[in-house]
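Enquirer: pasted the sequence and its predicted model underneath.
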Amino acid sequence: MQIAKVCGTVVSTQKEQSLMGVKFLLVQFLDSEGQPLPRYEVAADSVGAGLDEWVLVSRGSAARQIQGNESRPLDALIIGIIDTVSVENQRLYSKRDQDR
């Protein structure tokens with residue numbers, strides 16, 4: 001899994017039949033200090049994530065391990081919305097602080 005920040009949405013009206021109804025988000029991966037990396041990826045959203053939220057992204061074959069996704073051509077899947085991240089007893093991110 002990797003930590004990423006939701007930075008946009010992707011709309012595709014024409015897509016593979018098994019992806020109908022799937023919400024796609026543009027995510028930017030973060031480093032261990034919470035700084036954005038110069039990499040973006042489109043990820044399917046299974047948890048209802050929103051703009052600017054930090055999320056957990058499962059990639060590769062693990063993205064298809066979720067029930068119902070076995071036959072979907074997914075490379076990245078948002079599987080969690082992060083509440084807090086702490087590194088060496090220092091709070092790096094808190095969703096509560098972002099919601100204010």
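Expert: In hand now; what should we look at? Numbering: from 1, shown residues only.

Enquirer: in the protein, which residue sits furthest out from the middle?
Expert: Here the chain reaches farthest from its C-alpha mean at residue 89, the gap being 24.4 Å by C-alpha atoms, centre = their mean.

Enquirer: how distant is the helix or strand bottoming out on mean pLDDT in the chain from the center of its chain?
Expert: Least confident helix or strand, the chain: helix 95-98 with a mean of 86, by mean pLDDT, DSSP states H and E. Relative to its parent chain, helix 95-98 has a centroid offset of 17 Å by C-alpha atoms, centre = their mean, to the nearest Å.

Enquirer: okay, buried residues for it please.
Expert: Neighbour counts over helix 95-98 (16 or more other C-beta atoms under 10 Å) mark no residue as buried. For every residue, glycine as well, the C-beta is placed using N, CA and C.

Enquirer: same check, this time on stretch 23-32
Expert: 24-27, 29-30.

Enquirer: got the CA positions of it in CSV?
Expert: Extracted C-alpha coordinates of stretch 23-32, given in CSV (Å, rounded to 0.1, in the frame of the first residue of the first chain):
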residue,chain,number,x,y,z
LYS,A,23,-15.6,6.3,-9.5
PHE,A,24,-12.1,7.3,-10.5
LEU,A,25,-9.9,9.8,-8.7
LEU,A,26,-6.5,11.3,-9.5
VAL,A,27,-4.1,10.8,-6.6
GLN,A,28,-0.6,12.1,-6.0
PHE,A,29,1.7,9.9,-3.9
LEU,A,30,3.4,11.3,-0.8
ASP,A,31,6.8,10.7,0.6
SER,A,32,7.6,9.8,4.3
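
Enquirer: just to revisit the earlier point, narrow the buried residues of stretch 23-32 to those in strands?
Expert: Counting by DSSP state E, the part of the buried residues of stretch 23-32 found in strands is 24-27, 29-30.
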